[in-house]
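> 3D, please:
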Amino acid sequence: MQRRTRRSAAGQSIIEFAIVAPILVLILLGIVAFGQMFSYQLILSNAAREGARVGVLCKTDAEIDAAVRDRANPLPHHDDPSSLEVYINPDESSADRVNGNPLVVQVRYVAYITVPIAGVFINPKYMMARTVMRIEQCTEPLPGGNDNGGSSGGSTSSSSGGDD
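Below is the predicted model of the structure:
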């Protein structure tokens, strides 16, 4: 009788493992997917901050865009214009791009989760990071004709991952 109990206990353990294992695998895949998206968000936040840092020193929009894309290099498909969009406000031709005014650099990225199963439910994920800094002293006028001379500034940074 004792032998039969051992066999049934072993069979019961296998059945319990078969029920719990898929749930544990899904939890593990979810953790990996979350880590991947968290990493992407950090890269986006750093890219927006780098773009704003370059922009407050009276650089052109092309130079700001290049700085953002350079910092976003670890992202997959970062060179694809439809995957990584950079918004700069005010643009270089605006009269509002003078010392003391805020410069906003916003980076939007279309991320695809590469983790199996999790990617089926979440793809694509629209992520965004935004940094605001005050424009600092310019040593030369912008190509648009704005001559900025004046003060140094501070910064504010925020980021969010949002679904569109």
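> so which helix or strand of the protein has the lowest pLDDT on average?
When each helix and strand of the chain is scored by mean pLDDT, DSSP states H and E, strand 155-161 comes last, with a mean of 51.
> ranges for the helices of the chain?
2-55, 61-71, 118-122 (DSSP state H).
> other SSEs contacting the longest one?
Under the contact criterion of 3 or more C-beta pairs under 8 Å, 6 or more residues apart in numbering; DSSP states H and E, helix 2-55 touches helix 61-71, strand 84-89, strand 102-111, helix 118-122, strand 125-134, strand 155-161. Backbone N, C-alpha and C define where each C-beta goes, glycine included.
> and the angle for that helix with helix 61-71?
Relative orientation of helix 2-55 versus helix 61-71 (axes from the mean of the first three to the mean of the last three C-alpha atoms, to 10 degrees): 160 degrees.
> rounded mean pLDDT for helix 2-55, please.
Mean pLDDT, helix 2-55: 86.
> over to the last one?
Over the span of helix 118-122, the pLDDT mean works out to 65.
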